[in-house]
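*Asks:* With the input below, show me the fold.
(one chain, ligands or ions: 1)
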Amino acid sequence: MKRISIVGTGSYLPEKILSNYDIEKFLDTSDEWIYTRTGIKQRRIAENGLATSDLCKVACERAMEMAGVKAENIDLIVLATITPDTHCPAGANWLEAKLKCKNAVSFDITAACTGFIFALHVAVHLIKSGANKTALVVAGEIMSRVVNWKERESCILWGDGAGACVITDSKDGAEILSTHIHTDGENGDTLLMPGGGSKTTPISHESVDRGLHYLKMIEANKSFKVAVNRFAEACEEAVRFNNVKMEDIDLIVPHQANLRIIQGMAKKLNFPMEKVYLTIEKYGNISSATVPIALDEAVRDGTIKKGNLVLLTAFGGGLTWGSSLIRW
Ligand code: UT7
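*Replies:* Presented below is the predicted three-dimensional model:
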């Protein structure tokens with residue numbers, strides 16, 4: 001079996017910061033409510049004129065620089081996003097052009113907040129099969145353009161950004177020991193963008209007036225409980241599959257939807273919060289991009305050290321959930 005490794009990571013966060021105090025100025029909410037219910041203090045917002053592929057481009061360039069890999073050596077780009085530049089062509093196609101990855105095939109994956117783990121799973125198996133050699137696995141979102149800024153129970157959660165890694169079959173780098181992905185289509189209507197697809201097209205004044213093009217969360221507190229269970233299940237699956245114990249895990253890098261969800265997961269797993277990497281306070285929920293951004297930061301700030309066992313886990317719309325265990 002080929003050993004597939006992460007040989008570089010990168011991320012990009014737009015400079016503009018939107019704090020809870022800024023939101024207080026146009027919405028009936030407070031820093032106190034947002035922080036105590038979610039753990040979020042601020043989020044980044046992409047400037048007008050930037051598209052998701054622009055954020056992803058910088059994240060990918062940083063990952064390629066760390067890996068020492070040139071654009072012409074990339075033969076696969078898998079982009080996880082629910083906010084592509086356009087639905088056709090795929091966001092990954094725009095990114096491929098911007099990166100000048102002339103030898104790459106590129107496509108998008110839609111798996112909401114679990115998108116990065118889905119993209120990693122697909123890329124790992126394509127490389128294992130011999131179909132591809134070196135991939136950019138990237139996730140990027142401009143959530144600020146698809147949330148309804150009048151809907152206080154939802155808009156306060158989201159932010160913009162991108163994260164990426166270069167993976168290849170190599171004896172060097174961090175070994176990807178496993179990836180596991182799951183879906184539950186029957187319960188997918190709790191987190192959805194109702195408009196813009198074949199169900200509601202053509203897009204009309206009426207559908208826009210009704211806000212159908214915005215991301216909607218139905219019974220968010222119900223998906224809160226499901227999220228805690230699915231996060232924990234995904235971690236347990238990775239640990240079981242690799243024949244290790246939770247005590248052997250040096251760091252969990254979870255999707256950051258809500259600090260209380262992460263705390264619930266840690267409690268369920270009897271896992272210390274000190275070994276859980278957090279970015280939620282400063283970035284909020286960046287859907288698929290949250291995990292690779294946190295991973296890149298943990299690599300670059302020295303939290304992740306050579307030899308560490310690092311567990312990625314996510315849950316999101318679809319419903320989708322999954323995990324990946326990596327030996328750094
Ligand atoms: O990425 C993975 C997918 N993400 C999720 O699954 C999200 C999971 N859900 C959550 O993170 C939480 O459910 C929320 C943060 C969305 C909401 O927290 P909650 O503790 O479940 O609050 P709630 O929905 O039960 O609302 C409590 C109260 C309500 O008022 P009443 O009915 O008790 O009078 C809301 O109207 O808080 C009110 N409320 C707000 N108040 C101030 C809702 N949003 C706000 C707000 N500011 N922004």
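*Asks:* So which bits of stretch 173-192 are buried?
*Replies:* 173-174, 176-182, 190-192 (16 or more other C-beta atoms under 10 Å). Quick note: C-beta positions are derived from backbone N, CA and C, even for glycine.
*Asks:* gap between that stretch and the chain center?
*Replies:* 11 Å (C-alpha atoms, centre = their mean, to the nearest Å).
*Asks:* mind checking the end-to-end distance for that stretch?
*Replies:* 37 Å (C-alpha to C-alpha, to the nearest Å).
*Asks:* Now do the host helix or strand of Val208: everything it contacts.
*Replies:* In this assignment (DSSP states H and E), Val208 forms part of helix 205-209. Under the criterion C-beta atoms under 8 Å, 6 or more residues apart in numbering, residues 195, 200, 213 lie in contact with helix 205-209.
*Asks:* Mind picking the lowest-pLDDT entry from these?
*Replies:* The member of the contacts of helix 205-209 with the lowest pLDDT is Thr200, at 74.
*Asks:* Could you list which residues are in contact with it?
*Replies:* Thr200 touches 194, 207, 212, counting by C-beta under 8 Å, 6+ apart.
*Asks:* 6 Å instead?
*Replies:* 207, 212 (C-beta atoms under 6 Å, 6 or more residues apart in numbering).
*Asks:* Give me the phi and psi for the residue of the stretch 1-150 of the chain found nearest the ligand.
*Replies:* Proximity of the stretch 1-150 of the chain to the ligand (C-beta to the nearest ligand atom) peaks at Thr29, 3.3 Å away. With angles defined as degrees, to the nearest 10, Thr29 sits at phi -150, psi 180.
*Asks:* Which pLDDT does the model give the residue lying closest to it once chain neighbours are set aside?
*Replies:* Spatial nearest neighbour of Thr29, chain neighbours left out: Arg152 (4.9 Å); criterion: C-beta to C-beta, 6 or more residues apart in numbering. Residue-level confidence at Arg152 comes out at 93, pLDDT.
*Asks:* now the one 4 residues further on
*Replies:* pLDDT for Ile156: 97.
*Asks:* Quick one: residues contacting it.
*Replies:* Ile34.
*Asks:* What separation is there between it and Trp33?
*Replies:* 8 Å (C-beta to C-beta, to the nearest Å).
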